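Enquirer: Okay, here's the prediction I keep looking at, along with the sequence it came from:
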Amino acid sequence: MPRLKRPEQKGSTGPGGLLTGLIQQVLQGTLESEMTGHLGYEPHAPEGRGSGNNRNGHYPKTVRTEVGDVDLPVPRDRNGSFDPVTVPKGSRRLEGLDQVIISLYGKGMTTGDIRAHLAEIYGQSVSKDTISRITDQIVEDMVAWQNRPLDSVYPVILMDALNVKIRDQTVTNRPIHAVMGINLEGERDIVGLWVAPTSGEGAKFWLSVLTELRNRGVQDALIVCCDGLKGLPDAIGATWPQAAVQLCVVHQRTRLYPPK
């Protein structure tokens, strides 16, 4: 086996974070869909000829989110009348929107759930047709990301959770489980996100998550670092029998020095 290179100093959040790339992808897609709704025709469509307004390239903008800065090419129209709702003019910080986007990428969210989240974000500021167009745009990208093939072996797999607000009749905090893989080149990648079931997590849930990873190509892992959730170590042993299960440093300390 090739020698494992030192992992890049890149986390899931912060500058260049792995989750910021997902947020950038969704924001870009929603901005382009907003422009289509504003102009009334798709890019390069013949309806745009002689319409009196058309696309006029992009301008760069950096917005700050809770998981890091996101660089965006914002579309503009020739008349200068496009006023985006996703990233408003003059706005440099997006409060809470990054959590919504992360939850949308989690397996377990239906298209109806995604449309309801977007409708809450936009309110009456955009039409239902625009919301449906945005949903179709981002769902296609999300499904492709969720099902992309993975490496056959990851020397290290890290499992963690983020608490985000999810609308399910009411808005509640739900864990989004993130699985990060470090490949033989020392590169980190978020291989998947899963919304924790309302019934709680157990061996069945974790076995379904790890079976999905195996079906996407992950045949083995050397070390799986996790927080010892109920049923998780057993599911790891059933999926990758030779993998070493290691409790993360934070939870090791918690066990050694429990809170008083």
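Expert: Cool, got the structure.

Enquirer: Below-threshold pLDDT in the protein: ranges please.
Expert: Residues of the chain that meet the criterion pLDDT under 70 lie in 1-17, 167-171, 200, 228, 248-260.

Enquirer: can you give me the helices for it?
Expert: Assigned helices in the chain, in chain order: 18-39, 97-105, 111-122, 128-146, 203-215, 232-239, 249-256 (criterion: DSSP state H).

Enquirer: From the contact counts, what lies against the first one?
Expert: In other words, helix 18-39. Helices and strands in packing contact with helix 18-39 are listed as strand 55-65, strand 68-77, helix 97-105, helix 128-146, strand 188-195; criterion 3 or more CB pairs under 8 Å, 6 or more residues apart in numbering; DSSP states H and E. Backbone N, C-alpha and C define where each C-beta goes, glycine included.

Enquirer: mind redoing it with 10 Å?
Expert: strand 55-65, strand 68-77, helix 97-105, helix 111-122, helix 128-146, strand 170-182, strand 188-195 (3 or more CB pairs under 10 Å, 6 or more residues apart in numbering; DSSP states H and E).

Enquirer: and the angle from the first one to helix 18-39?
Expert: So the one you mean is strand 55-65. Here strand 55-65 points in a direction 140 degrees away from that of helix 18-39 (axes from the mean of the first three to the mean of the last three CA atoms, to 10 degrees).

Enquirer: Using PDB, write out the CA atom coordinates for strand 55-65.
Expert: As requested, the backbone C-alpha atoms of strand 55-65 are provided in PDB (Å, rounded to 0.1, in the frame of the first residue of the first chain):
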ATOM      1  CA  ARG A  55     -27.600  38.500 -19.000                       C
ATOM      2  CA  ASN A  56     -24.400  40.500 -18.800                       C
ATOM      3  CA  GLY A  57     -21.800  38.300 -17.200                       C
ATOM      4  CA  HIS A  58     -21.000  38.200 -13.400                       C
ATOM      5  CA  TYR A  59     -19.200  40.200 -10.800                       C
ATOM      6  CA  PRO A  60     -17.300  38.700  -7.800                       C
ATOM      7  CA  LYS A  61     -18.600  38.900  -4.300                       C
ATOM      8  CA  THR A  62     -17.500  37.300  -1.000                       C
ATOM      9  CA  VAL A  63     -20.100  36.600   1.600                       C
ATOM     10  CA  ARG A  64     -19.500  35.500   5.200                       C
ATOM     11  CA  THR A  65     -21.300  32.500   6.600                       C
END
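
Enquirer: Please state the offset of that strand from the chain centre?
Expert: Relative to its chain's centre, strand 55-65 lies at 20 Å (CA atoms, centre = their mean, to the nearest Å).

Enquirer: just the helices and strands packed on helix 18-39: most buried one?
Expert: Burial of the helices and strands packed on helix 18-39 is given as mean neighbour count (mean count of other CB atoms under 10 Å); helix 97-105 ranks first at a mean of 23.
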